[in-house]
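**Q** have a look; sequence and predicted model below, questions after that.
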Amino acid sequence: MAELLERLGIELPVVQAGMGGGLARHQLAAAVSDAGGLGTIGFVPAGELERELASARRLTDRPLAVNLLLPFARRAHRRAAAGADVVVTFWGKPRRPGPKLWLHQCGSVDEARAAHEAGADGAIVQGCEAGGHVRGEVRGFELLERTRMALPREFPLLLAGGIAAPGDVRAALEAGAGAAVAGTRFLLSEESLAHTAYKQLLLKAEATILTELFGLGWPAAPHRVVPNAATKRWGGPSDRGRVLIRAANRTLSPLAARVPQGAQRRLLARQSPAMPLLSPQPPTDEDPGRLVQSAPLYAGETVARIGRVEPARSLVAALAP
Ligand SMILES: Cc1cc2nc3c(=O)[nH]c(=O)nc-3n(C[C@H](O)[C@H](O)[C@H](O)COP(=O)(O)O)c2cc1C
């Protein structure tokens, strides 16, 4: 563990997951890093990524990470990411994004092996209980154990999924992780830019579902969300609507993926639970509150254990064993 923390340049084995679409910007990443963990700026258009990193640098002189979603990352994103201390990649064939310390988030042993072979400096093992897009089908601790056995001891592994309390971090470290990665817990922080109504719905939530519903522009990519009007309308287990949405997502995605993110935000504002074209963009504080019923409310299973929005600094201190 100590060696990984040293390489990352951080004091505590707590990493805040990059949460894209404007949920985790400089405020959150800087607060986490400043408290001794590793804060991560989520995936946004390249120009914004550069500005977010510059703003975070003004708030802290500690190491900062950025997240790149590989299916959407362009050269300009990789250039912006080169200004961070750590780059975390997700979704797709692992390939080095640049010269900086590189972690790839994986959902299977094979994927972690591919990351190791591609020269990653470590892998984040993501269990299927995680919030947001979920890469694999195995729960976190089991995947960590299998991956630990398959890869050389010195290759650093971090655990994502199921981390919301100090006991979770302690258990992850005991199981061989060098650090623990939490998304949902930090989404419910004061510094995350999730819409207030999104945070409120999560605080009341007791369960999550895995769906492909919000896949316009990113099809066949399961994601864990808290149910809302859209999942109730289109996501029922025997609902023909689910099949319709999947087909629409597959057909329209090549086109939707080419729409610039700014235009995607404008389209999102028109989204309604009655319309079977549902974008992966989550509701942020810049969106109208009604979107919480038609946009994805990404959250992991830990949401059932989280009762309060707290400052990120206190969360890092509380999570550290
Ligand atoms: C709201 C939300 C958004 C997410 N967005 C991203 C993302 O843009 N990129 C990424 O690599 N992972 C993303 N994830 C997944 C996290 O990297 C991580 O695997 C997950 O948060 C761990 O599970 P937990 O939420 O239970 O802590 C997201 C997770 C959440 C909860």
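**A** Sure, I can see it.
**Q** how near is the single nearest residue of the stretch 101-250 of the chain relative to the ligand to Arg242?
**A** For the stretch 101-250 of the chain, the residue closest to the ligand is Gly183, as judged by CB to the nearest ligand atom, at 1.9 Å. Backbone N, C-alpha and C define where each C-beta goes, glycine included. To Arg242, Gly183 is 25 Å away according to CB to CB, to the nearest Å.
**Q** more neighbours: those two, which one.
**A** Shown here are Gly183 and Arg242; by other CB atoms under 10 Å, Gly183 has more neighbours (29 against 18).
**Q** and the nearest residue to the more buried one once chain neighbours are set aside, how many neighbours?
**A** Leaving out its chain neighbours, the residue that sits closest to Gly183 by CB to CB, 6 or more residues apart in numbering is Ala17, at 3.5 Å. Neighbour count of Ala17, defined by other CB under 10 Å: 30.
**Q** one more: Ala160?
**A** Ala160 is flanked by 32 other residues according to other CB under 10 Å.
**Q** what are the phi and psi angles of it?
**A** phi -120, psi 140 (degrees, to the nearest 10).
**Q** how about it, what does it touch?
**A** Contacts for Ala160 were tallied using CB atoms under 8 Å, 6 or more residues apart in numbering; they are Ala17, Gln105, Ile124, Val125, Gln126, Gly127, Ala130, Gly140, Ala180, Val181, Ala182, Gly183.
**Q** cool, Thr196 as well?
**A** With contact taken as CB under 8 Å, 6+ apart, Thr196 is in contact with Asp285, Gly289.
**Q** can you name the element that comes right after the helix or strand harbouring Arg233?
**A** Assigned by DSSP states H and E, Arg233 belongs to helix 229-234. Sequence order places helix 240-256 as the next helix or strand after helix 229-234, per DSSP H and E.
**Q** now that next one: mean pLDDT?
**A** Taken as a whole, helix 240-256 has a mean pLDDT of 75.
**Q** how far out from the middle of the chain is it?
**A** A distance of 23 Å separates the centroid of the chain from that of helix 240-256, by CA atoms, centre = their mean, to the nearest Å.
**Q** can you pull the poorly scored residue ranges out of the stretch 101-250 of the chain?
**A** Applying pLDDT under 70 to the stretch 101-250 of the chain flags residues 236-241.
**Q** enumerate the residues of the protein near the ligand.
**A** 17-20, 23, 42-43, 67, 69, 90, 105, 126, 130-133, 160-163, 181-185, 187, 298-300, 302 (CB under 6 Å from any ligand atom).
**Q** Ser272 and Ser279, how far apart?
**A** In terms of CB to CB, Ser272 sits 12 Å off from Ser279.
**Q** who has more neighbours, the two?
**A** Ser279 (21 against 14).
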